[in-house]
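> Here's my sequence, what's the structure:
(one chain, ligands or ions: 1)
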Amino acid sequence: MFMKSILVTIVFIISVNSFTTTTSASNWKQQHGEITHQEHLRGSITPERAWWNLTHYHLELKVEPNSKMFSGTNTMTYQVLAKGQRLQIELQAPMKLEKVIQNGKKLKVEQDGYSYFITPDTKQNIGSNQTLTMHFSGKPTTAKRAPWDGGITWEKDSNGVDFIASSNQGIGSSIWWPNKDHPSDEPDNGVLMSIEVPDHLMDISNGRLIKTEHNKTAKTKTFHWQVVNPINNYSVNINIGDYVHFGEKYQGEKGQLDMDYYVLRENLDKAKKQFKDAKRTIEAFEFWFGPYPFYEDSYKLVEAPYLGMEHQSSVTYGNGYQNGYLGRDRSQAGPGMLFDFIIVHESGHEWFANSITNNDVADMWIHESFTNYSESLFLEFHYGKEKAFEYIRGQRMNIQNQAPIIGQYNASRGGSGDMYDKGGNMIHTLRQIIDNDVTWRDILRGLNKDFYHKNVDTKDIEDYISNKAGRDFSKIFDQYLRDIRIPSFEYFIKDKVMKIRWGNVIEGFDMPLRVYINGKVQWLSPTTSWTEIDLVDADPTVKVDANFYISAQSVLGN
Ligand SMILES: [Zn+2]
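Here you go, the predicted model:
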């Protein structure tokens, strides 16, 4: 998804300071305040979650737009990994978990906040597969500012027809359906969604439409969407409206990719033009990251009544059929208007977020930093390095440096909004140090090959990049991900000697730096103590390569 603070920063430039202060104060509290009991239940791998592995969901849901009622079942299949007593699932009020059935028997259910603990009635043999069905109903929370607060958006199109969608990153998919609401466990064999809506509407969900049933008596249609790959639970989504379809085929690295587009009837012409960026996106990202990760489930862009979200194989779009981010260049450098931000950014998440997924949302930089960087890689592929680098540098003005990028673990707390632009600039800085485009691309493709459809921790990504680059980047990751200070390159020149060091850094920070001395490139290896370099000329000009995200100062002012 995309951070709201940035939108607000751009829209309300005048009030940016007061907004920033409030936001960071609440961010700080949210990041560092005491972990509540509910946050612990939601954000950690409790014993009640650890003994079973999700293998499949079949979500059957009836949506009644007039009463805003949801009702249905989720049939969950899981594999028993170890001896366990109770299973934990989540469903947030006002949605109600009515009953849970296994092998024809109603199971004991205990509620703790919005977590539920279910006690199976039959022996759960290790290695066996078990199925239970959760019955639920209620009027789910309405999103006020989708996709940032999450819930259900109830809108109408310009013809007055219902236009409804779910979005729930952050708040959790348990805001509208019962499930194991933790990112570390995805259903290995995917999900089947059977969504029943009034028969003049259509539901678009993840994966492929395998069947549509028309109940003429009830005047409803049920759309069955199948996902065969593992899927993030926050990706599972419904989009209901007066949709029309068009599509194309793309010959990609893994064969033919079906690219399908669902838009409101009134926007078909605009979409046919604007969605040309979809193919350009897949082309660029297959080059940088390797094959699109969900060929079996197809690629889709689906119009939604909010800005957009990386729903797996069902990327939602609400950027107004225009380039930039709602028509603006987030970098203010120019290149941001060369593409549709939502198509590129949200599709980038298919690789980083949907295929490679964090185990804990504290590590969400793995999703957002790489996807932020993917925007510049799109530019580099289609328009060259100069525009791409201008774009990534231009985004630095969005960085706040007020809270670390990594959040608090086991509490369902993401890090600061700097996971976007600062994270992207950290990745760009790493690329400068690696200084080899072939190795760089191999690392990006390697990450997507070795962690294909896997859940990872920050350490997995750090170690992978360090190993492949043949250099220990741990201090650099510590500096940019776990500290808020920006390294300051400090130097002075006297009598053909240059003294250099890193200031404003963690202990042991050891990042090499490319500088231009009298226009000639030179690599320096500053440490946290002053070291000396002999110079050829007495009073040279010193210019630090602008692609490193650091500050530089001549301590003598020369
Ligand atoms: Zn994002």
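> show me what contacts the most far-flung residue of the chain relative to its centre?
Going by CA atoms, centre = their mean, the residue of the chain most distant from its centre is residue 495, 51.5 Å out. Residues in contact with residue 495, defined by CB atoms under 8 Å, 6 or more residues apart in numbering, are residue 538. For glycine as for every other residue, the C-beta is placed from the backbone atoms N, C-alpha and C.
> Could you check how far it is from residue 329?
Distance check for residue 495 against residue 329: by CB to CB, to the nearest Å, it reads 46 Å.
> repeat for residue 473
Computed as CB to CB, the residue 473 to residue 329 distance reads 31 Å.
> From the ion, how far out is residue 543?
Relative to the ion, residue 543 is positioned 33 Å away (criterion: CB to the ion, to the nearest Å).
> Same check on residue 263?
Separation of residue 263 from the ion (CB to the ion) stands at 21 Å.
> Contacts only, for that residue.
Contact partners of residue 263, counting by CB under 8 Å, 6+ apart, are 243, 244, 246, 271, 302, 303.
> Identify, from those residues, the entry nearest to residue 42.
Set against residue 42, the nearest of the contacts of residue 263 by CB to CB is residue 302 (27.5 Å).
> Report whether the host helix or strand of residue 427 contacts the ion.
Under the criterion of DSSP states H and E, residue 427 resides in helix 421-434. No - remark: helix 421-434 sits outside contact range of the ion, by CB under 5 Å from the ion, the gap being at least 10.6 Å.
> So for residue 473 and residue 329, which sits in the more crowded spot?
In terms of neighbours (other CB atoms under 10 Å), residue 473 is the more surrounded of residue 473 and residue 329; the figures are 22 against 19.
> which residues touch the residue nearest to the more buried one when sequence neighbours are not counted?
Once flanking residues are discounted, residue 473 sits nearest to residue 466: 4.7 Å by CB to CB, 6 or more residues apart in numbering. Applying CB under 8 Å, 6+ apart, we find residue 466 in contact with 472, 473, 474.
> what do you get for residue 454?
Counting by CB under 8 Å, 6+ apart, the residues that residue 454 touches are 355, 356, 357.
> distance of the residue farthest from the centre of the chain from the ion?
Relative to the ion, residue 495 is positioned 51 Å away (CB to the ion).
> what do you get for residue 138?
Separation of residue 138 from the ion (CB to the ion): 29 Å.
> quick one: contacts for the residue nearest to that residue when sequence neighbours are not counted?
Leaving aside its sequence neighbours, residue 138 sits nearest to residue 95 (CB to CB, 6+ apart; 4.0 Å). With contacts defined as CB under 8 Å, 6+ apart, the neighbours of residue 95 are 70, 136, 137, 138, 140, 174, 175, 176, 177, 178.
> mind listing the helices for the stretch 451-558 of the chain?
For the stretch 451-558 of the chain, helices defined by DSSP state H, counting those that start in this stretch occupy the ranges 458-469, 474-482.
> Correction: the previous question concerned the chain.
4-11, 16-32, 37-43, 47-50, 268-274, 276-289, 341-348, 365-383, 385-394, 421-434, 437-450, 458-469, 474-482 (DSSP state H).
> For residue 338, the count of nearby residues, please.
Residue 338 has 17 neighbours, counted by other CB under 10 Å.
> now residue 523
As a burial measure, residue 523 scores 11 neighbours (other CB under 10 Å).
> That one contacts residue 514, correct?
Yes - applying CB atoms under 8 Å as the test, residue 523 and residue 514 come out as touching, 5.8 Å apart.
> ok, residue 323 touching residue 340?
Yes - contact criterion CB under 8 Å: residue 323 and residue 340 qualify, at 5.5 Å.
> who's more crowded, these two?
Neighbours per residue, other CB under 10 Å: of residue 323 and residue 340, the larger number sits with residue 340, 27 against 18.
> Next up, the contacts around residue 65.
Contacts of residue 65 by CB under 8 Å, 6+ apart are 154, 162, 164, 197, 198, 201, 240.
> sorry, that was for residue 52
Residue 52 makes contacts with 78, 79, 80, 81, 84, 87, 124, 130, as judged by CB under 8 Å, 6+ apart.
> Now tabulate these in CSV and tack on neighbour count and pLDDT.
As requested, these are exported to CSV (neighbours: other CB atoms under 10 Å; pLDDT from 0 to 100):
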residue, neighbour count, pLDDT
78, 23, 98
79, 14, 98
80, 18, 98
81, 13, 98
84, 17, 94
87, 24, 98
124, 19, 97
130, 19, 98
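> nearest to the ion, of those?
Closest approach between the contacts of residue 52 and the ion, by CB to the ion: residue 78, at 29.4 Å.
> So the nearest residue to the closest one once chain neighbours are set aside versus residue 417, what's the distance?
With CB to CB, 6+ apart as the criterion, residue 78 has its nearest non-adjacent residue at 4.4 Å, and that residue is residue 52. The gap separating residue 52 from residue 417 is 35 Å, by CB to CB.
> Please apply the same query to residue 350.
Taken as CB to CB, the span from residue 350 to residue 417 is 22 Å.
> what's the answer for residue 190, then?
Distance of residue 190 to residue 417, given as CB to CB: 32 Å.
> thinking again about what came up before, buried subset of the contacts of residue 65, written for ChimeraX?
Per 16 or more other CB atoms under 10 Å, the buried members of those correspond to this ChimeraX selection:
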select :162,164,197,198,201,240
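> Which ones among the contacts of residue 65 map onto strands?
Per DSSP state E, strands hold the following members of these: 154, 162, 164, 197, 198, 240.
> so can I have JSON lines of the contacts of residue 65 showing distance to the ion and pLDDT?
Putting the contacts of residue 65 into JSON lines (distance: CB to the ion, whole Å; pLDDT from 0 to 100) gives the following:
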{"residue": "154", "distance to the ion": "24", "pLDDT": "98"}
{"residue": "162", "distance to the ion": "27", "pLDDT": "98"}
{"residue": "164", "distance to the ion": "23", "pLDDT": "98"}
{"residue": "197", "distance to the ion": "28", "pLDDT": "98"}
{"residue": "198", "distance to the ion": "32", "pLDDT": "98"}
{"residue": "201", "distance to the ion": "28", "pLDDT": "98"}
{"residue": "240", "distance to the ion": "24", "pLDDT": "98"}
